[in-house]
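Undergrad: I'll drop the sequence and a predicted model, then ask my questions.
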Amino acid sequence: MAESGRSAEPILKLRGVSKQFGAVQALADIELDIHAGEVVALVGDNGAGKSTLVKVLAGVHQPTAGTVEFMGKAVTLDSPGRALEMGIATVFQDLSLCENLDVVSNLFLGHELSPWRLDEVQMEVRAWTLLRELAARIPSVREPVASLSGGQRQTVAIARSLLLDPKIIMLDEPTAALGVAQTAEVLNLIERVRDRGLGVILISHNMEDVRAVADRIVVLRLGRNNGVFTADSSNAELVSAITGATENAVSRRQARKLEETGA
Ligand SMILES: Nc1ncnc2c1ncn2[C@@H]1O[C@H](COP(=O)(O)OP(=O)(O)OP(=O)(O)O)[C@@H](O)[C@H]1O
Ligand SMILES: [Mg+2]
């Protein structure tokens, strides 16, 4: 369905976002637009700045320069609570689920501050409804998380974020530890989340997964934007943007030319 449900105006707009850790420039001058109803994959080599960018948007790190606009207004994401409250949810790689608690308890864990006060039955109904909407393959919401597969855990973590009704959801390597069938389940779920009208930011090293669900593929390299691609872009194009092979080839060519001209 690709871009058919995408909003005209971006919900999230980053301009010139930079983040410095001492002498390390983790992000430099990042531009990024995220629309409602699209999946944007964020790819790049190790150390490219993906996690730092996610942490900036999750309110964990403050940018050293640049602006973030959310729903048309400049915002300061100065704490994780603030980002969540605003509608930017993050599913970090460790998922933070409680193994010994069941699915319902995990879904509602940490939502104690929410305005709704639900009793056990209401929570269970809410959990079932949401999981059904997501076509999640979870046999029972009373199942302890410890007995769920990796894909089901990822589903629970994503569903938990959705309970806060976010506009943006960021997923950090959601398929990294999964086999083929469970990966397909999670990719399906990502499409359903997109179809609910959310903007999804997907971090992944797996180009096959990225191609399967992303409407756009944003490449970061050494903390900078290094091109925007689509699922139709060739592997060679993507790989050279990620690794900088083209730049190296260019500089090698330049070096040869200089040698040839004796400069
Ligand atoms: N808290 C920190 N303090 C100092 N340097 C940091 C910190 N966090 C990240 N960096 C540095 O910032 C750069 C970007 O790191 P980041 O973790 O964002 O990359 P990444 O794209 O997520 O990489 P990976 O694919 O390995 O997870 C790296 O050089 C990293 O060492
Ligand atoms: Mg990372």
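TA: Now that the structure is in, tell me what you want to look at. Ligands and ions are numbered 1, 2, ... in the order given.
Undergrad: not counting residues beside it along the chain, what's closest to Ala58?
TA: Leaving aside its sequence neighbours, Ala58 sits nearest to Thr90 (C-beta to C-beta, 6 or more residues apart in numbering; 4.3 Å). Any C-beta I mention is one placed from the backbone N, CA and C, and that applies to glycine too.
Undergrad: so what sits opposite that neighbour in the bridge?
TA: For Thr90, the beta-bridge partners are Met170 (DSSP bridges).
Undergrad: near ligand 1, which residues of the stretch 1-150 of the chain are found?
TA: When proximity is defined as C-beta under 6 Å from any ligand atom, the stretch 1-150 of the chain approaches ligand 1 at 21, 24, 26, 44, 46-52.
Undergrad: the same query, at a cut-off of 8 Å, please.
TA: For the stretch 1-150 of the chain, the contact set with ligand 1 under C-beta under 8 Å from any ligand atom comprises 19, 21-22, 24, 26-27, 44-55, 61.
Undergrad: ok, back up a step: what number of residues are in the vicinity of the residue nearest to Ala58?
TA: Burial of Thr90 is recorded as 21 neighbouring residues (other C-beta atoms under 10 Å).
Undergrad: just the element for Ala157, please.
TA: helix 150-162 (DSSP states H and E).
Undergrad: which of the residues of the stretch 1-150 of the chain next to ligand 1 fall in helices?
TA: 50-55 (DSSP state H).
Undergrad: any of the residues you listed buried? List them.
TA: Buried members of those, counted by 16 or more other C-beta atoms under 10 Å: 50-55.
Undergrad: quick one, helices of the stretch 101-250 of the chain?
TA: For the stretch 101-250 of the chain, the helices defined by DSSP state H, counting those that start in this stretch cover 103-108, 120-133, 150-162, 180-195, 207-213, 235-243, 245-261.
Undergrad: just put the ones you listed in JSON lines and tack on mean neighbour count and mean pLDDT.
TA: Shown next, in JSON lines, are the helices of the stretch 101-250 of the chain (neighbours: other C-beta atoms under 10 Å; pLDDT from 0 to 100):
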{"stretch": "helix 103-108", "mean neighbour count": "23", "mean pLDDT": "91"}
{"stretch": "helix 120-133", "mean neighbour count": "15", "mean pLDDT": "88"}
{"stretch": "helix 150-162", "mean neighbour count": "22", "mean pLDDT": "93"}
{"stretch": "helix 180-195", "mean neighbour count": "18", "mean pLDDT": "94"}
{"stretch": "helix 207-213", "mean neighbour count": "18", "mean pLDDT": "94"}
{"stretch": "helix 235-243", "mean neighbour count": "16", "mean pLDDT": "92"}
{"stretch": "helix 245-261", "mean neighbour count": "10", "mean pLDDT": "59"}
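Undergrad: dump those helices to a markdown table, plus distance to Val68.
TA: Below are the helices of the stretch 101-250 of the chain laid out as a markdown table (distance: least, C-beta to C-beta, whole Å):
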| stretch | distance to Val68 |
| --- | --- |
| helix 103-108 | 29 |
| helix 120-133 | 28 |
| helix 150-162 | 19 |
| helix 180-195 | 21 |
| helix 207-213 | 24 |
| helix 235-243 | 24 |
| helix 245-261 | 28 |
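Undergrad: thank you kindly, that will do.
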